[in-house]
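Undergrad: this is the structure alone, sequence omitted:
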C-alpha cells in the first residue's frame, strides 16, 4: 500500500519541476528577445519564488472562499486576489467574459444538435413557416 504522504510529496515535486521547466522556457524566450543570458541559479531562484507565490495565492483563494462560507473557489475569489494589479484584473475579467460567451455558444449548439437529431424543430425553426427559406439560405 502506498502512503498518501508519498503521493502528495511526489505530486508536489512534479508541480515544482513543471514550474521550473516553464520558467526556464520563459527565460529562454526573454533571453532570445532581449539578447541577454540567465544563469541556472537565476532561473532556479525565479522558479522557487514563483512556486512560493503560487502557494500563497492558493491559500488566499481558499481563505476567500471559506470566508464566503463556500467550499469552492470561484471567479470572485480570483478577482479579489488580483485586485492590486489593474492589468491582471482586467485580463481575468476579459477571459471570464470570453468563457461565458463560449459556454453559451456551446449550449446553443448542443440545443440545436439535440433538437435536429430527435426530429424536433428548434425554436427558430418552429417560428418559421414550413417551406420558407432561412436567412442563411438567402446568403448563398
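TA: Okay, I see it. All values reported here derive from a predicted model rather than from experimental measurement.

Undergrad: going by C-alpha atoms from here, please, whenever you check contacts or count neighbours.
TA: Will do.

Undergrad: going along the chain, name the helices of this structure.
TA: Secondary structure of the chain by DSSP state H: the helices cover 4-34, 40-67, 75-81, 86-117, 123-127, 135-138.

Undergrad: turn the ones you listed into JSON lines, columns for mean neighbour count and mean pLDDT.
TA: Shown next, in JSON lines, are these (neighbours: other C-alpha atoms under 10 Å; pLDDT from 0 to 100):
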{"stretch": "helix 4-34", "mean neighbour count": "13", "mean pLDDT": "94"}
{"stretch": "helix 40-67", "mean neighbour count": "15", "mean pLDDT": "97"}
{"stretch": "helix 75-81", "mean neighbour count": "16", "mean pLDDT": "95"}
{"stretch": "helix 86-117", "mean neighbour count": "13", "mean pLDDT": "90"}
{"stretch": "helix 123-127", "mean neighbour count": "10", "mean pLDDT": "47"}
{"stretch": "helix 135-138", "mean neighbour count": "8", "mean pLDDT": "41"}
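
Undergrad: so how far is stretch 9-26 off the chain centroid?
TA: How far stretch 9-26 lies from its chain's middle: 18 Å, per C-alpha atoms, centre = their mean, to the nearest Å.

Undergrad: give me the residues contacting that stretch.
TA: Stretch 9-26 is touched from outside by 43-44, 46-48, 50-51, with contacts defined as C-alpha atoms under 8 Å, 6 or more residues apart in numbering.

Undergrad: lovely, talk soon.
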